[in-house]
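Engineer: my questions concern the predicted model and sequence given below.
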Amino acid sequence: MLRHIFTILLTGIIVVLGACSGETERKAGEVDDQIESTVESAKEDVEQTKAEFTAEAEEKLEELNSKIQQAENKLREESGEIEEDAKEELNNLKERRDAIKKDINDLKEASQENWESLKASVQAEIKSLRNSYTSFLEDFKLG
C-alpha cells in the first residue's frame with residue numbers, strides 16, 4: 001500500500017514538473033520572440049536614420065558641387081582662362097568632393113558599430129569642404 005502511495009505521489013510530481021517545464025518553455029519562447037522583435041525594430045530604426053542622414057549629406061554635397069561649378073564658370077567668364085593656382089584649388093575642391101561622395105556611399109553600407117564614427121567623419125568633411133569653398137571665394141574675390 002505504501003508503495004502505491006509513493007508511486008502515485010511520484011507520478012503526480014512528474015506530471016506537475018512536466019507541466020511547469022512546458023509553461024516555462026512557452027514563456028521562454030515568448031521572451032525570445034519579444035527580444036527578436038525589439039532587435040529587428042532597432043535595426044530598422046538605424047537603417048532609416050542612415051537613409052535620412054545619407055540623403056541629407058548627398059543634398060549638401062550636391063549644393064556645394066553646384067556652387068563650386070558656378071565659381072569655376074564665373075572665373076572663366078571674368079578672365080577668359082582660369083589662373084593656375086585657381087585651377088589647382090578648384091581641382092582640390094573637386095577631389096575632396098569626390099572623396100566625400102565615396103565616404104557617403106561607404107556610410108550606406110556601414111555596420112552599426114562603424115556608423116557613428118563614419119557619420120561624424122562625413123559631417124566634418126562636408127563642413128571642411130564648405131569652409132574651403134568659402135576661403136576659395138575670398139581668395140579669388142568671387143564672393
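Structural biologist: Looks like it came in fine.
Engineer: can you tell me the helix or strand for the residue nearest in space to the middle of the chain?
Structural biologist: When the chain is reduced to its mean C-alpha position, the nearest residue by C-alpha atoms, centre = their mean turns out to be Lys50, at 3.5 Å. Secondary structure here is read from DSSP states H and E; on that basis Lys50 sits in helix 2-79.
Engineer: and what of Glu81?
Structural biologist: Applying DSSP H and E as the criterion places Glu81 outside every helix and strand.
Engineer: and it, backbone torsions?
Structural biologist: The phi and psi torsions at Glu81 (degrees, to the nearest 10) take the values phi -140, psi 140.
Engineer: same question, Glu109
Structural biologist: According to degrees, to the nearest 10, Glu109 has phi -100, psi 0.
Engineer: what's the neighbour count on it?
Structural biologist: As a burial measure, the neighbour count of Glu109 was computed by other C-beta atoms under 10 Å and equals 9. The way it works is simple: take the backbone N, C-alpha and C, and place the C-beta from them, glycine included.
Engineer: kindly report the same for the one 3 residues further on.
Structural biologist: Gln112 has 11 neighbours, counted by other C-beta under 10 Å.
Engineer: spatially nearest residue to it, not counting backbone neighbours?
Structural biologist: Residue nearest to Gln112 in three dimensions, not counting chain neighbours: Val46, with 5.7 Å by C-beta to C-beta, 6 or more residues apart in numbering.
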